[in-house]
Every structure is written in C-alpha cells, then in structure tokens.
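Novice: Fold the following for me, if possible:
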Amino acid sequence: MWWRRPPLPTVVNSNAGAKSLMLKKAEETPPKRLEFHPRGCCCGLAVLSLGLVLFVLIATNRTALLQAYALLQAYASLGVNTSVPKLKSLVNFNTTTAHGSQIQAKAGAKRYAYVLMAYDVPGAPIQHIWRALALVRSLQRLSDFPILVMSNTSHFPDGTHVKDAFGRLNCQVLPVHAVPLPRTAAKQIMPVWRVAYWKLQIWRLVEYDKLIWLDNDAIVMRSLDYLFDRTPTWGQKDAWVCSSNTSSQNWLCSGLMLIEPSEETYQGLVQYAATKKQWWKNGDQKLIDDYFKEVRGDPVKLLNVTEAAFGKCLGRIPNLFSETPGEVWNMPAFVHKSSVHNECFYFLIAEQLREVQGQTVNVCHFNPLGAAWRNVFCDGLLMSRVETRVTRAFCSDAMWYAQTPPDQAG
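Specialist: Coordinates of the predicted model:
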C-alpha cells in the first residue's frame, strides 16, 4: 500500500544555473496533526475546512492513480521496443552538434562524465535498457559526475518515459546515432559488432574533456572516478583467459575506456575503418586499438585486471594481498559480464535455473555478482519508479531465493 512504501527520490534542478539533474533523497517526515481550538477565530475554521477539501481531492486522485498504475502492470514485462527504426532524438536538445549532450558544466568545473549505450532493435523485446538501469544505479551510488545514456528506447513497458526514469538517477538520456560502416565491413561484420561500432560517436561529445565509456553488461563495484586523473586513452585488458601477464591477450577490450572527446579523433577512426583490413573480425576494439597505435603513435594503455576484468575471472586474478591462504581479495572495480553466459546480469529467473545433481537451483545464488547486480537493479527500479510483474517477482526475496536447497551449497 502506498503509505507503507519507503520514500522515493525526488528530482530537483541543480543550482548555479547548471542544467544537469541532481538526485535528492526524499526525507520521510511525519504528518502534522491538526489541532482544533474551540476559541479559534473563523480564519482557523476556514483553513481547516479547506484542508479537508484538499485531502478529499488528493485521496480521490490517488485512488485514480493507483487504478491506472494497476492497469499499466498488465503490460508484458519484457516489453517491445516500439521506437521507429529511424534513429532520432528522444529529447529536444538545443545543441550545436548532432551528438551534443546539452549538459553544461559550472564555470571552472572539470567537464567529466560517464557514458554508455542501450540500443534495442525496434520491434524486438527490450533488453539493453534494463541492463543500463542497473549499471547507472551502480555508478550513481559511487560518483557525483554526470551519467549519459545513449538510447533509442522511449518508454519502459509500464509506460514510464525512459528520460524521466533515468533522470531520477541523475542521468540524462541522449539519442543514439548509427555510425556508417565502410562498404566492405558492412557486408562482413557480425551483427553484435555492428552496433558496438556505434560507440565511436562518444568521441563527438566534445563538450566534455574526458569520458569514461562502459558496456552495459557490467557492474561497478568501486568508484572509477580516479581514472579521470589519468591522461587518456585507457581501456580494459581483453584478458578472457584471466591472466595479468602482458604476454597473454595484451590488447584492448572496449568494455571500459577513458577517452578524450575530439571530432578529429572521431573522423580519423571512421576514415581508418575504411582502409584498415579485417578489423571487423574482432570488432570496434581492434579498430580503436590499432588506430591509436598505428596512426596516433600513442597506444591505448591497459588497466590492471584488478581494476577491470571479466566476471568469469573472479578467484583467478591476483589478490590484493595474501594474508591468509585461500582467502579471496580480488574483486575488480569494474566487472564485465557475470560469467561466460552472463545469466546473472539480467532479471529473468528462468535463465538462472539449472539442474544440479537432480535438483533445480538458481546458479546466481552461488555467484557473489548475482546478488550484487540484483541489489542495484532493484534499487534502480525503486528510485526510477519503474515496475512490471516480472521485475516485481525478481525483486521479491521469496521468489528469487526459492528453488535452492541448502545442501546444494556443498
């Protein structure tokens, strides 16, 4: 019931003319009691009567809102991206460039921001915008820097506008644009790499001095703000074999990057894509890595695996220290994918269930990243005021922790 729910966050405009949204946690204050004084003047009675009328109106309106809210829950929870195939802005931006973000930093302030993309194929069930919600919440709890989400989805399945939902998390939604591929690459590149190639457009957000890019199939476990103190370009090491050895897979994974926006760099990358052969076999990260090495003469510097690593590598990367044999102290600040199949970084319980020793278990109960992602996802849902029947079931402890007998822990 509405009066028993925890306080929801409210959005207020930041001071000093800044146009970015700041998140202010609503404070729960007890309602004031109306006291009747027999010797009070007529003004007091008039105020009391007016208050009663307003209370009736608000109560009536709340009932209507609750009824409408119940109807919205009847929509399919996964939803379908009904955005038109033509990519266009979701918000009326008053910008000077096609890729401008409109966020204006205060005079003298460092113009830094986080940016990610959530593109869902029009007409198909939405997926990436859900993952973006969890990632944004994991960022928003650790950093005060602006967060940008490039997306083509306009509404969540419950009818909540994407711009409004992410705005409650101190995050601004930008339009995502298709970056044209060279003819040869367009014929041979895999679909998954085709959309990933669009991340090149972040170099066009030139109103920022530095940006940290993150793939949306990830979670941030510790603050990454310290990366802004470094000189770009930095990126995650593509250590799928979970090795910190520089002789093994010592090249870029573009799942996490610190970059310096520049129109010149963007144009250079696009032109290089038209001349570099076979880069599309390894996607955008091969293109970016080779461009900075071969054209700019300034190779991308790779983060340590204790800073950014794949979830499948937990327990296999170097410990922070070795005080007691067998203890694990190696959780990366940025974890890319929960596992090989990434089933724990999404909210469909059915995909997390497996048959183990003749019994059905939720495998994400045995992965520390499962509960961590669920916490930020459900927290993000509450703060953004987005809810469907499936997300409500996923965020129910009784539902999510079912199906796992204690003896399976061994």
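Novice: For this structure, which segments count as strands?
Specialist: With DSSP state E as the definition, the chain shows strands at residue ranges 10-13, 21-24, 112-118, 147-151, 171-175, 210-214, 218-220, 234-237, 252-259, 301-302, 308-310, 334-336, 353-356, 359-362.
Novice: Determine which stretch of the ones you listed is the most buried.
Specialist: Mean neighbour count, computed with mean count of other Cβ atoms under 10 Å, is highest for strand 308-310 among the strands of the chain, reaching a mean of 28. For glycine as for every other residue, the C-beta is placed from the backbone atoms N, C-alpha and C.
Novice: so what's the nearest residue to residue 363 once chain neighbours are set aside bridging to?
Specialist: For residue 363, ignoring the flanking residues on the chain, the nearest one in space by Cβ to Cβ, 6 or more residues apart in numbering is residue 354 at 5.3 Å. For residue 354, the beta-bridge assignment (DSSP bridges) gives partners residue 361.
Novice: and residue 354, what does it touch?
Specialist: Listed by Cβ atoms under 8 Å, 6 or more residues apart in numbering, the contact partners of residue 354 are 360, 361, 363.
Novice: Closest to residue 336 out of those?
Specialist: Distance ranking of the contacts of residue 354 against residue 336, using Cβ to Cβ, places residue 363 first at 18.7 Å.
Novice: so that closest one touches residue 351, yeah?
Specialist: No - taking contact to mean Cβ atoms under 8 Å, the distance of 9.7 Å between residue 363 and residue 351 leaves them out of contact.
Novice: any common contacting residues for those two?
Specialist: Both residue 363 and residue 351 are in contact with residue 343, where contact means Cβ under 8 Å, 6+ apart.
Novice: So if I had to pick from these two, which one is more boxed in?
Specialist: residue 363 (19 against 15; other Cβ atoms under 10 Å).
Novice: Could you tell me the end-to-end distance of stretch 214-230?
Specialist: For stretch 214-230, the first and last residues are 17 Å from each other (Cα to Cα, to the nearest Å).
Novice: outside of that stretch, which residues touch it?
Specialist: Residues outside stretch 214-230 that contact it (Cβ under 8 Å, 6+ apart) are 110, 112, 114-118, 128, 131-132, 134-135, 138-139, 142-143, 145, 210, 212, 234, 254-256, 258, 301, 331-337, 342, 345, 369, 372-373, 376.
Novice: What are the buried residues along stretch 275-289?
Specialist: Of the residues in stretch 275-289, those buried under the neighbour-count criterion (16 or more other Cβ atoms under 10 Å) are 276, 279, 280, 283, 284, 285, 286, 287, 288, 289.
Novice: Not counting it itself, show me its contacts.
Specialist: By Cβ under 8 Å, 6+ apart, the surrounding residues in contact with stretch 275-289 are 185, 188-190, 192-193, 196-197, 199-200, 235, 238, 251-254, 257, 269, 272-273, 290-291, 299-300.
Novice: Please check those and keep the buried ones.
Specialist: When burial is judged by neighbour count using 16+ other Cβ under 10 Å, the buried members of the contacts of stretch 275-289 are 185, 189, 193, 196-197, 199-200, 235, 238, 251-254, 257, 269, 272-273, 290-291, 300.
Novice: can the strands of the chain go into TSV with extra columns for mean pLDDT?
Specialist: What follows is those, written out as TSV (pLDDT from 0 to 100):
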stretch	mean pLDDT
strand 10-13	37
strand 21-24	34
strand 112-118	98
strand 147-151	98
strand 171-175	97
strand 210-214	98
strand 218-220	98
strand 234-237	96
strand 252-259	97
strand 301-302	96
strand 308-310	96
strand 334-336	97
strand 353-356	92
strand 359-362	92
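Novice: Turn these into a markdown table, including distance to residue 322.
Specialist: Conversion of the strands of the chain to a markdown table gives the following (distance: least, Cβ to Cβ, whole Å):
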| stretch | distance to residue 322 |
| --- | --- |
| strand 10-13 | 46 |
| strand 21-24 | 39 |
| strand 112-118 | 33 |
| strand 147-151 | 36 |
| strand 171-175 | 39 |
| strand 210-214 | 30 |
| strand 218-220 | 25 |
| strand 234-237 | 22 |
| strand 252-259 | 26 |
| strand 301-302 | 24 |
| strand 308-310 | 18 |
| strand 334-336 | 21 |
| strand 353-356 | 31 |
| strand 359-362 | 32 |
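Novice: Figure out which of those is closest to residue 381.
Specialist: Minimum separation from residue 381 across those (Cβ to Cβ) falls at strand 171-175, 14.1 Å.
Novice: Which neighbours in the sheet does the closest one have, and how are they oriented?
Specialist: The strands that strand 171-175 pairs with in its sheet are strand 147-151 (parallel) (by DSSP bridges).
Novice: can you list contacts of the strand it pairs with?
Specialist: Counting by Cβ under 8 Å, 6+ apart, residues outside strand 147-151 touching it are 90, 101, 103, 113-120, 128-129, 132, 136, 139-140, 162, 166, 169-176, 201, 205.
Novice: Can I get that strand in CSV, CA atoms only?
Specialist: What follows is the C-alpha trace of strand 147-151 in CSV, where atoms were taken according to Å, rounded to 0.1, in the frame of the first residue of the first chain:
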residue,chain,number,x,y,z
ILE,A,147,26.0,10.0,-16.4
LEU,A,148,24.9,9.8,-20.0
VAL,A,149,22.9,7.0,-21.6
MET,A,150,22.6,6.9,-25.4
SER,A,151,19.4,5.0,-26.3
